[in-house]
Each structure stands twice: as C-alpha cells, then as structure tokens.
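Peer 1: predicted structure and sequence below. I'll ask about it afterward.
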Amino acid sequence: MGYVGEWNSLALDSSDDPHISYRDGTNNDLKYANNVPEPTTLLLFGLGLPALIAGRRRKHS
C-alpha cells in the first residue's frame, strides 16, 4: 500500500469547473485532474474528508 492522496487540494475556477490535485507519495509525483464531472467531485470530496479526519486523529494519538 502506498501514500497516494496526501496534500490534496480542490479549487473552482471562474467558470466553477473543479481542479483537483494531490501528491502521490509512492511515486513522488503531483497528480492533477480538471473537468471532473460533478458527481465524481462530490464523491472525491466526501471520501477525502473522513480520510483527513482519521489522519489527524492518528497524528494526535
């Protein structure tokens, strides 16, 4: 298992199009996606929040 999805970022441009970036720590690479369909954006955001919370909880333990 690798370290994919670290330091993720979600931004909307002036046309409200989503732009998503994240670090792939396994391959030491920056990944970027744009023009992601809206349901996928919501899914990624929804999955990312619990992962961030769990990571912070582990860090503080």
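Peer 2: Thanks, I have it.

Peer 1: where does pLDDT dip in the chain?
Peer 2: 1, 35-37, 58-61 (pLDDT under 70).

Peer 1: give me the most central residue, it.
Peer 2: Asn8 (3.8 Å; Cα atoms, centre = their mean).

Peer 1: so how far is Gly46 from that one?
Peer 2: According to Cβ to Cβ, to the nearest Å, Asn8 and Gly46 sit 13 Å apart. For the C-beta atoms, the positions are set from N, CA and C on the backbone; glycine is no exception.

Peer 1: need the residues touching each of these two.
Peer 2: Counting by Cβ atoms under 8 Å, 6 or more residues apart in numbering, no residue touches both Asn8 and Gly46.

Peer 1: and the helices in this structure?
Peer 2: Counting by DSSP state H, the chain has helices at residues 38-60.

Peer 1: quick one: the strand ranked longest in it to helix 38-60, angle?
Peer 2: For the chain, the longest strand by residue count, based on DSSP state E, is strand 4-12. If you take axes from the mean of the first three to the mean of the last three Cα atoms, to 10 degrees, strand 4-12 sits at 130 degrees to helix 38-60.

Peer 1: quick one: contacts of strand 4-12?
Peer 2: By Cβ under 8 Å, 6+ apart, strand 4-12 touches 18-26, 41, 44-45, 48, 51.

Peer 1: make it 6 Å
Peer 2: For strand 4-12, contacts defined as Cβ atoms under 6 Å, 6 or more residues apart in numbering pick out Pro18, His19, Ile20, Ser21, Tyr22, Arg23, Asp24, Gly25, Gly48.
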